[in-house]
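K.L.:
Next one to model:
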Amino acid sequence: MTPGTVPLLLWSALVVAAAESGGEREIRALMEEQMRALMEEQMRALMEEQRGMRALMEEQRVELRHTKAQLDTMETRLRASEKLVQQLRSDIAVSTGNLNLMGSQMEELRRKREERRVAFSASLITSGHVSVGPANTNLTLIYRNVITNIGDAYNNKTGIFTAPVRGVYYFTMFIYGSGHNWVSVGASLSKNKEHVVIAYCHLPHGKTSASNGASLLLEVGDQVFVILYTDSWVRDSYNHHTSFSGHLLFPM
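P.N.:
Below you'll find the model as predicted:
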């Protein structure tokens with residue numbers, strides 16, 4: 001039943017009542033009072049409904065504001081997280097670069113450390129007995145029996161030591177031979193074909209030996225070797241009497 005239906009029914013009832021009683025004025029007053037009461041009741045109902053709707057709207061508005069605040073907070077946190085991720089990526093890239101640099105530096109240090117490990121010792125032969133010389137010209141003694149060759153700076157095919165790094169090296173040579181009236185036992189340490197020190201002895205008979213050594217400042221590529229003197233000889237056996245040794249004291 002609609003709000004307009006009730007007044008219409010009441011009006012019809014009152015009209016009937018007025019016709020029966022004949023009190024038209026009283027009927028009109030009664031109808032007006034009832035109509036006023038009904039309209040006031042409907043107005044109150046409408047106002048109550050409006051208040052409920054306003055309260056609901058306000059509640060929803062508050063929820064929306066709260067939801068918006070939560071969304072804003074989430075967005076702020078998301079942006080902060082994105083910045084943190086970007087910073088972490090940047091830090092990882094820097095750390096990776098630093099690690100690569102450290103790896104390269106460590107490899108370079110390892111290489112340099114390996115270069116600074118230089119030492120060798122060698123004798124003329126590995127077994128048996130042999131005499132070298134005498135000869136009518138200077139000969140480079142080739143020490144074929146390598147005892148130690150750290151750094152591979154000594155070549156047992158040429159008898160030559162080649163400096164791998166700039167630094168101070170110490171070399172020694174020991175020679176052994178048989179005494180002879182006309183043949184001496186002698187050799188010299190040479191740097192780039194320049195005489196440095198000599199090991200020499202001359203006895204008419206018996207066995208004899210001599211030795212010498214020197215510290216040399218070498219540039220990369222400088223060569224050091226032992227030269228057998230003209231008209232001299234040396235001897236070696238499985239006991240390794242005649243030897244040539246050297247090592248790096250410190251780089252420069």
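
K.L.:
Domain-wise, how is the chain divided?
P.N.:
Here the domain parsing of the chain from automatic domain parsing is 5-111, 119-251.

K.L.:
Which helix or which strand is home to the most centrally placed residue in the chain?
P.N.:
Nearest to the mean C-alpha position of the chain, by CA atoms, centre = their mean, lies Leu99 at 1.7 Å. Element membership for Leu99 (DSSP states H and E) is helix 24-115.

K.L.:
Which elements pack onto that helix?
P.N.:
Contact analysis of helix 24-115 by 3 or more CB pairs under 8 Å, 6 or more residues apart in numbering; DSSP states H and E lists helix 5-21 as its packing neighbours. Bear in mind the C-beta positions are built from the backbone N, C-alpha and C, glycine included.

K.L.:
how would you label Val220: helix, strand or coil?
P.N.:
coil (DSSP: H, G, I helix; E, B strand; the rest coil).

K.L.:
Just give me the neighbour total for it.
P.N.:
For Val220, the count of nearby residues is 11 (other CB atoms under 10 Å).

K.L.:
what residues are up against it?
P.N.:
Ala163, Pro164, Val165, Arg166 (CB atoms under 8 Å, 6 or more residues apart in numbering).

K.L.:
one step back: dump the C-alpha coordinates for the helix or strand following the helix holding Leu99 into CSV.
P.N.:
Next helix or strand after helix 24-115 toward the C-terminus (DSSP H and E): strand 119-123. Extracted in CSV, the C-alpha atoms of strand 119-123 (Å, rounded to 0.1, in the frame of the first residue of the first chain):
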residue,chain,number,x,y,z
ALA,A,119,116.0,-20.2,-7.6
PHE,A,120,117.9,-22.8,-9.4
SER,A,121,120.8,-25.3,-9.0
ALA,A,122,122.4,-27.5,-11.7
SER,A,123,125.4,-29.7,-12.2
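
K.L.:
Pairing partners for strand 119-123, with directions?
P.N.:
strand 145-150 (antiparallel), strand 243-251 (antiparallel) (DSSP bridges).

K.L.:
Those strands: which one's closest to Phe120?
P.N.:
strand 145-150 (4.6 Å; CB to CB).

K.L.:
Residues in contact with that closest one: which ones?
P.N.:
Residues outside strand 145-150 that contact it (CB under 8 Å, 6+ apart): 117-126, 154, 156, 240, 243.

K.L.:
And these, which two are furthest apart?
P.N.:
Of all pairs in these, the most separated under CB to CB is Arg117 and Ile125 at 26.8 Å.

K.L.:
now the stretch 1-150 of the chain, which segments are flagged as low pLDDT?
P.N.:
1-22, 107-115 (pLDDT under 70).

K.L.:
One more pass at 90, please.
P.N.:
1-116, 125-139 (pLDDT under 90).

K.L.:
Repeat that for the stretch 151-252 of the chain.
P.N.:
Looking at the stretch 151-252 of the chain by pLDDT under 90, you get 176-186, 193, 200-211, 229-241, 252.

K.L.:
and the closest residue to Gly177 other than its chain neighbours, what is it in contact with?
P.N.:
Among residues not flanking Gly177 along the chain, Val185 sits closest, at 3.5 Å (CB to CB, 6 or more residues apart in numbering). Val185 sits next to 175-179, 200-202, 208-210, 232-234 when contact means CB under 8 Å, 6+ apart.

K.L.:
Repeat that for Leu249.
P.N.:
Neighbours of Leu249 in contact, by CB under 8 Å, 6+ apart: Gly167, Val168, Tyr169, Tyr170, Ser215.

K.L.:
got a winner among the residues you listed for most neighbours?
P.N.:
Going by other CB under 10 Å, Tyr169 tops the contacts of Leu249 with 23 neighbours.
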